[in-house]
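Asks: the sequence isn't on hand, but the structure is:
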Ligand SMILES: C[S@@+](CC[C@H](N)C(=O)[O-])C[C@H]1O[C@@H](n2cnc3c(N)ncnc32)[C@H](O)[C@@H]1O
C-alpha cells in the first residue's frame with residue numbers, strides 16, 4: 001500500500017447541488033470526485049480541486065477520508081465502497097450517509113464487513129451517517145456488477161447497444177423513451193436534417209431515431225460523463241453522423257435544431273426536481289430552430305405542459321398511454 005497522503009476525497013454524484021457546494025471551502029488536501037460535468041465546472045469555478053471521471057479513485061495515494069452520500073444505483077454504491085475502501089490508508093475512514101429508505105443501514109453493514117470493523121453510527125431526522133475505519137486486510141468485494149466495464153447488451157430482439165452501470169436505466173429500454181420512438185413518425189412528418197437528443201443516457205433515442213432517419217445528423221448531450229462516453233461509443237459503432245457533448249441541460253451546445261427528442265429527468269438523486277425539468281425546457285427553447293418541434297415524454301403526473309406554455313408557441317399532448325404522455329412543443 002502507498003503511504004498515507006492525508007487527502008480527503010468527496011464522491012459527488014447527482015445529489016450535489018449549488019446549496020451543498022456553497023458550504024464547501026477549497027483546501028489543498030480536499031478533492032471532489034464526480035462523473036457530472038456540471039458539478040465539476042461548479043467546483044472549478046469555486047477553486048475546489050476536482051476530478052471528472054467514472055468514479056475512478058486516484059492511484060498510489062492512500063487517502064485519509066472518503067465521503068459519499070449514497071447514490072440511487074446499487075452497483076454504483078457498491079463500486080464506491082469497494083474502490084473507496086481500497087484507496088484508503090490503513091486506519092483511514094470511509095464516511096457513508098443516506099436515508100433509511102435508501103438502504104443506508106445495509107450499505108454500512110456491507111462496508112463494515114469488507115473493512116473488518118463495525119461502523120460507528122450517528123442518526124438524525126431520518127438520516128444516518130456511518131464511519132468505517134479501514135483495516136490493513138480488506139474482505140471480499142461487494143457485488144458491483146463489474147461497474148467499470150462497458151458491455152454490449154441485447155435489449156430485445158432488435159435493439160442492442162453498449163452500456164454500463166452508472167448510466168440511467170443502463171440495463172433496459174426505458175418505457176417512456178420507447179413510447180416516444182413509437183410515435184416519432186406521427187409527430188415528425190418529414191425526416192429532420194438535424195436532431196438533438198437532450199439527456200441522452202447511453203443513446204437509446206438517437207440510436208432508434210437514426211434507424212428511421214438514416215440521413216440526419218445527431219447531436220446527443222448529457223451531464224453524466226459516463227453516459228457521454230458510452231453514447232459516443234454507440235455513435236461510432238453504428239456510424240451515426242454527429243457528436244456527443246457533455247453539457248448541463250444542453251448549455252454549451254451550439255446551433256439550432258429542427259427536431260429535439262427528450263425524456264427529461266424528474267429525479268435528482270432521490271428527490272423530485274421541478275427546476276431541472278424547467279431547465280430542460282429552457283434548453284430546448286433556446287436550441288429549437290424556427291418552425292422546429294421538440295418532443296418530450298414524461299410520466300402522466302408531471303405537469304410539463306404548464307411549465308412549457310410560456311416558452312413555446314404551441315404545446316400539445318400528442319399521445320398518452322397508461323404511464324406516459326408525449327408532448328410536442330413548437331417554436
Ligand atoms: C430519463 S433519463 C433519459 C435517458 C435516455 N434519453 C433514455 O431514453 O434512455 C434522463 C437523462 O438526463 C440526464 N441528466 C440529468 N441531469 C442533467 C443535466 N443537468 N444536464 C444534462 N443531462 C442531465 C441523465 O444523466 C439521464 O441520462
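Replies: Okay, I see it. Source: prediction; values computed, not measured.

Asks: need the three-state assignment for residue 145.
Replies: What DSSP: H, G, I helix; E, B strand; the rest coil gives for residue 145 is coil.

Asks: go on, residue 195?
Replies: Classified using three-state DSSP, residue 195 is strand.

Asks: who touches residue 162 in this structure?
Replies: For residue 162, the contact set (Cβ atoms under 8 Å, 6 or more residues apart in numbering) comprises 150, 151, 152, 153, 202, 230, 233, 234, 237. Quick note: C-beta positions are derived from backbone N, CA and C, even for glycine.

Asks: so which of the residues you listed wins on neighbours?
Replies: When neighbours are counted by other Cβ atoms under 10 Å, residue 202 leads the contacts of residue 162 with 29 neighbours.

Asks: ok, now which ones touch that one?
Replies: 161, 162, 163, 164, 167, 170, 227, 230, 231, 234.

Asks: just the ones of these in strands?
Replies: Judged by DSSP state E, strands contain the following of the contacts of residue 202: 161, 162, 163.

Asks: list the contacts of residue 299.
Replies: So residue 299 contacts 176, 266, 323, 324 (Cβ under 8 Å, 6+ apart).

Asks: which of these fall in helices?
Replies: In this view, the contacts of residue 299 that belong to helices under DSSP state H are residue 176.

Asks: what is the most widely separated pair among the contacts of residue 299?
Replies: 266 and 323 (12.7 Å; Cβ to Cβ).

Asks: so the residue of the stretch 1-150 of the chain found nearest the ligand is in which element?
Replies: Nearest residue of the stretch 1-150 of the chain to the ligand: residue 38, at 5.6 Å (Cβ to the nearest ligand atom). Element membership for residue 38 (DSSP states H and E) is helix 37-45.

Asks: buried residues in that helix?
Replies: 37, 38, 39, 40, 41, 42, 43 (16 or more other Cβ atoms under 10 Å).

Asks: OK, contacts around residue 165?
Replies: For residue 165, the contact set (Cβ under 8 Å, 6+ apart) comprises 73, 75, 76, 79, 144, 145, 146, 147.

Asks: kindly recompute the last result at 10 Å.
Replies: Taking Cβ atoms under 10 Å, 6 or more residues apart in numbering, we find residue 165 in contact with 54, 73-76, 78-79, 144-149, 151, 171, 226.

Asks: let me see the domain layout of this structure.
Replies: Per automatic domain parsing, the domain ranges recorded for the chain read 8-133, 151-330.

Asks: including distance to residue 140, could those go into JSON lines?
Replies: Shown next, in JSON lines, are these (distance: least, Cβ to Cβ, whole Å):
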{"stretch": "domain 8-133", "distance to residue 140": "7"}
{"stretch": "domain 151-330", "distance to residue 140": "19"}
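
Asks: many thanks, we can stop here.
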